[in-house]
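Trainee: just a sequence and a predicted model for now, questions to come.
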Amino acid sequence: MQLHDLYPFAAERKKRKRIGRGSGSGWGMSAGKGGNGQKQRSGGAKGPAFEGGQMPLQRRLPKHGFTNIFKTAYQVVNLDQLIKAFAGRESISLEDIYARGLAKPGSAVKVLGNGDVAFGLKIEAHKFSAAAKEKIEKAGGSVNALEG
């Protein structure tokens with residue numbers, strides 16, 4: 001074994017292919033890009049939406065409506081999910097809902113009225129549907145809405 005056999009390994013000695021550096025390199029002339037034309041030129045590759053100069057589809061289709069960037073996205077939790085996750089508890093805070101994985105931490109939570117409440121519950125969330133609020137208060141519980 002000689003010193004030059006130790007390092008660098010053969011894979012590390014591999015040089016990159018330098019194209020377009022004269023005919024002596026073996027990759028001169030058209031640099032492996034084929035004959036003349038748009039695809040041989042620098043910057044000649046067009047994107048997947050290019051239709052040969054025809055008006056692109058995304059510009060031909062009609063546009064309707066708009067997206068409200070100020071909209072608040074709520075994570076919905078049903079009453080039956082809360083009762084199943086917190087069986088036997090009388091008060092449920094927003095942090096408890098996040099900790100159980102019923103909603104992503106930091107997101108706004110809305111409680112919907114799917115399910116029945118048999119006992120008084122104190123629930124804290126950002127919003128409540130009218131049906132959920134009615135069911136909770138009818139069973140002797142209370143709701144604490146954090147936002148308007």
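Mentor: On my side now, so go ahead.

Trainee: after the helix or strand of the chain with the lowest mean pLDDT, which helix or strand is next? Please name it.
Mentor: Least confident helix or strand, the chain: helix 10-13 with a mean of 72, by mean pLDDT, DSSP states H and E. Sequence order places helix 57-60 as the next helix or strand after helix 10-13, per DSSP states H and E.

Trainee: helices or strands next to that next one in the packing?
Mentor: For helix 57-60, not one helix or strand is in contact under the criterion 3 or more Cβ pairs under 8 Å, 6 or more residues apart in numbering; DSSP states H and E. Every residue, glycine included, has its C-beta placed from N, CA and C.

Trainee: buried set for the next helix or strand along the chain from that helix?
Mentor: Remark: after helix 57-60, the chain's next helix or strand is strand 74-78, criterion DSSP H and E. By 16 or more other Cβ atoms under 10 Å, the buried positions in strand 74-78 come out as 74-75, 77-78.

Trainee: point me to the residue sitting closest to the centre of this protein.
Mentor: Nearest to the mean C-alpha position of the chain, by Cα atoms, centre = their mean, lies residue 104 at 13.1 Å.

Trainee: ok, what's across the strand from the nearest residue to that one once chain neighbours are set aside?
Mentor: Closest residue to residue 104 apart from its sequence neighbours, by Cβ to Cβ, 6 or more residues apart in numbering: residue 75 at 6.1 Å. When bridges are called by DSSP bridges, residue 75 pairs up with residue 109.

Trainee: what sits against the nearest residue to residue 58 once chain neighbours are set aside?
Mentor: Nearest residue to residue 58, sequence neighbours excluded (Cβ to Cβ, 6+ apart): residue 49, at 6.7 Å. Residue 49 is in contact with 56-58, counting by Cβ atoms under 8 Å, 6 or more residues apart in numbering.

Trainee: most neighbours among those, which one?
Mentor: Within those, residue 56 tops the neighbour count with 12 neighbours, counted by other Cβ atoms under 10 Å.

Trainee: so what's that one up against?
Mentor: Counting by Cβ under 8 Å, 6+ apart, residue 56 has contacts 49-50.

Trainee: please report how far it lies from residue 45.
Mentor: 16 Å (Cβ to Cβ, to the nearest Å).

Trainee: residue 122 too?
Mentor: Counting by Cβ to Cβ, the gap from residue 122 to residue 45 is 62 Å.
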